[in-house]
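A.B. asks: build me a structure from this.
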Amino acid sequence: MSDGITTRARRIPPPIRLPSTSDNSSDNITIQDTPENEYKSPAMAPKKDEFKHRTCYVSTAGQFRTVIDFTSLFAVIYCTIMVPYDMSFDPPKGIAMRGIDVWIEMFFICEMIINFFTSYFDDHGEEVTVKSKMAVAYLKGWFIIDIASSIPAETATMIAEGIIKAHAHPGDEKEDGGLDALTNFKVIRILRLTKLLRLAKMGQILESVEF
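C.D. replies: Numbering: from 1, shown residues only. Model (predicted):
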């Protein structure tokens, strides 16, 4: 101190200690970023060979599957009403009605293909998305009923009618007789009835759409 002037000593902060590369503290531990590390525990991580199978599947709880189930529900209701009516009264069908019948048959075939790629929940409540397991589960489940009820009887009838008309001569009385015989053919009538097998799946469809 001099001449009554008081000077305050500056406080010098302690030097910052930088961690060395040889420090073995836990802050320097680096975890390798692997797909298994994204799970909370190793038990939750799927097997490595399952990663390559988890592509191209339809989630059973997804919106797309819900739309498919709703469409299938209305198609089954339509067949439940129209198939017995057609079998009993055999009304003449226009282009619109035939178009609806053919569309329903094509939808049933497409739905059967989609079912091979639809996931399911196992006994532990976990969604199974492995392709081979989904296909085996469907083959053990509703595959027999689906393939039996997906026979395109209406499409086959239209093709056969077209062939008969193409080979019939104008004014030939056999044309009408051939068409009547084709329409009343027992095999065709039985194939139409196979669509009613889908009634067995009504419970599953109603459960899936939470109707």
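
A.B. asks: now E105. Nearest residue, chain neighbours left out?
C.D. replies: In space, and not counting its chain neighbours, E105 is closest to P152: 4.2 Å by C-beta to C-beta, 6 or more residues apart in numbering. In short, each C-beta sits where N, CA and C put it, glycine included.

A.B. asks: from what I see, that neighbour and I104 are in contact.
C.D. replies: No. Using C-beta atoms under 8 Å, P152 and I104 do not qualify as a contacting pair, with a distance of 9.6 Å.

A.B. asks: and these two? Which one has more around it.
C.D. replies: When P152 and I104 are compared for neighbours, I104 comes out ahead with 22 against 17, by other C-beta atoms under 10 Å.

A.B. asks: which stretches in the chain count as strands?
C.D. replies: Using DSSP state E, the strands found in the chain span residues 120-121, 127-128.

A.B. asks: which helices and strands sit right next to the last one?
C.D. replies: Taking 3 or more C-beta pairs under 8 Å, 6 or more residues apart in numbering; DSSP states H and E as the contact definition, the neighbouring helices and strands of strand 127-128 are strand 120-121.

A.B. asks: quick one: mean pLDDT over the strand it packs on.
C.D. replies: With pLDDT averaged residue by residue, strand 120-121 scores 92.

A.B. asks: ok, residues contacting it?
C.D. replies: The set of residues external to strand 120-121 that reach it, using C-beta atoms under 8 Å, 6 or more residues apart in numbering, is 60, 127-128, 134, 137.

A.B. asks: one more time with 6 Å, if that's ok
C.D. replies: Under the criterion C-beta atoms under 6 Å, 6 or more residues apart in numbering, residues 60, 127-128, 137 lie in contact with strand 120-121.

A.B. asks: T194 - how many residues pack around it?
C.D. replies: Applying the criterion other C-beta under 10 Å, we find 17 residues in the vicinity of T194.

A.B. asks: ok, now which ones touch it?
C.D. replies: By C-beta under 6 Å, 6+ apart, the neighbours of T194 are 148-149, 151.

A.B. asks: try 8 Å
C.D. replies: Residues 148-149, 151, 153 are the ones in contact with T194 under the rule C-beta under 8 Å, 6+ apart.

A.B. asks: distance of it relative to T129?
C.D. replies: When C-beta to C-beta, to the nearest Å is the yardstick, T194 and T129 sit 31 Å from each other.

A.B. asks: also L191?
C.D. replies: Separation of L191 from T129 (C-beta to C-beta) stands at 35 Å.

A.B. asks: for R192, same thing?
C.D. replies: Here the distance between R192 and T129 works out to 37 Å (C-beta to C-beta).
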